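here is my input; please provide its structure:
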Amino acid sequence: MFGSPGFGNSGTLGYAGSDDAESLRTIHAALANGIRLFDTAAAYGAGHAERLLAKALKGRPGAMIVTKIGIAIDEKSRVLLGEETDPVSVMPAIDRCLARLERDRIDILLLHLNDLPVARAEPMFKAVEDAVSAGKIGAYGWSTDLPTSVRAMAGLKGFIAVEHAMNILLDAPVMQQTVEDAGLLALIRSPLGMGVLTGKYDAQSQIPSTDVRAAGNTVTDYFEGGRPNPRSLRKLDSVRELLQTDGRSLVQGALGWLWSKSDRNIPVPGARTVGQIEGIAGALAFGPLPLSVVSEIDALMGEGGSLAEDRPR
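Next up is the predicted model:
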């Protein structure tokens, strides 16, 4: 995750420790290691992440970009101003993304509002379809964990993707079936459980107060009070050896688990350093975990929970 934090009413909304120079090196390392798809959003760093990505990808037309709209931003103060859902705002928001990304076309545009009611989302997607007709975006989708929302939009001609949370700590079987039934792509958000599945944190780790994971405003429980959730650490320990099958790292095993679940899954892990992205890219050589290993992991994890239809609302 790069682009430096943005800020909202609940405090910091990004990750601490981002460095622009290292972020640029990380993107270049991703390209050098065969990664071609980059996921960002207008809200990340309040526009700064898109500008950094533009700088890193200048002269790299083969790279694909996914970005998101639906949250108003103030670039100067790096403040997120709240939902921006008026259909009239859609085309100007796309134009601002294009300007920051220094591109004529966005490959995939996502609506960045997880819980937006379908009735309010529909006119926004109609405006997005106008942007497809104008050649400003290639296709579109929704960053949401609600299968009912995806089903409502899946029949639209340009709707090809959903970005949803999923990892070994938080399975999403209902959403995965929805994706399969509708023939969509699944961009997997939080594939490493906001860093818990990297193995770098233990019970004594303390997240800086400037980091979103310490702010208490996330919708998951990977962290509590700025520390890794002990339950998550115990679950990781129970499958550590299985994730490392055939010499994989924990990160590579966590990504392999997602690939084993569906060939429609495209994990979009965050990375802020060259070392992190090289470890992530190394998962490509291993590919999916063997199904027998995945079955063992799933049995040990038990009922992993979901942000799907049975989520309390």
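
contacting residues for the residue nearest the centre of the chain?
Geometric centre of the chain, nearest residue: residue 189, 3.2 Å, by CA atoms, centre = their mean. With contact set as CB atoms under 8 Å, 6 or more residues apart in numbering, residue 189 has these partners: 143, 163, 164, 165, 166, 268. All C-beta spots, glycine's among them, are computed from the backbone N, C-alpha and C.

the residue lying closest to the fifth one once chain neighbours are set aside and residue 239: what is the separation?
Yep, that's residue 166 we're talking about. Once flanking residues are discounted, residue 166 sits nearest to residue 172: 4.4 Å by CB to CB, 6 or more residues apart in numbering. Residue 172 sits 18 Å away from residue 239, going by CB to CB, to the nearest Å.

residue boundaries of the helices in the stretch 201-313 of the chain?
230-243, 250-261, 274-281, 283-286, 291-301 (DSSP state H, counting those that start in this stretch).

tell me what the fourth one is packed against?
In this case it means helix 283-286. If you count contacts as 3 or more CB pairs under 8 Å, 6 or more residues apart in numbering; DSSP states H and E, helix 283-286 packs onto helix 250-261.

and the helix it packs on, how far out from the chain's middle?
15 Å (CA atoms, centre = their mean, to the nearest Å).

re the thing from before, which among the contacts of residue 189 end up buried?
Listed as buried from the contacts of residue 189 are 143, 163, 164, 165, 166; burial here means 16 or more other CB atoms under 10 Å.

from the residues you listed, which is closest to residue 32?
Nearest to residue 32 out of the buried ones among the contacts of residue 189 is residue 163 (CB to CB; 25.1 Å).

moving C-terminal of the helix or strand harbouring the closest one, what's the next helix or strand?
Using DSSP states H and E, residue 163 maps to strand 159-165. Sequence order places helix 173-182 as the next helix or strand after strand 159-165, per DSSP H and E.

quick one: list the elements packing against that following helix.
helix 147-153, strand 159-165, strand 185-189.

between the ones you listed, which gets nearest to residue 33?
That would be, of those and by CB to CB, strand 185-189, which comes in at 18.8 Å.

name every strand pairing with that closest one and say which way it goes.
Under the criterion DSSP bridges, strand 185-189 sits next to strand 159-165 (parallel), strand 265-267 (parallel) in its sheet.

that older thread, ok, residues contacting the strand holding residue 163?
Outside strand 159-165, the residues that touch it by CB under 8 Å, 6+ apart are 39, 66, 108, 110, 125, 139-145, 150, 153, 172, 175, 178-179, 184-190, 220, 268, 307.
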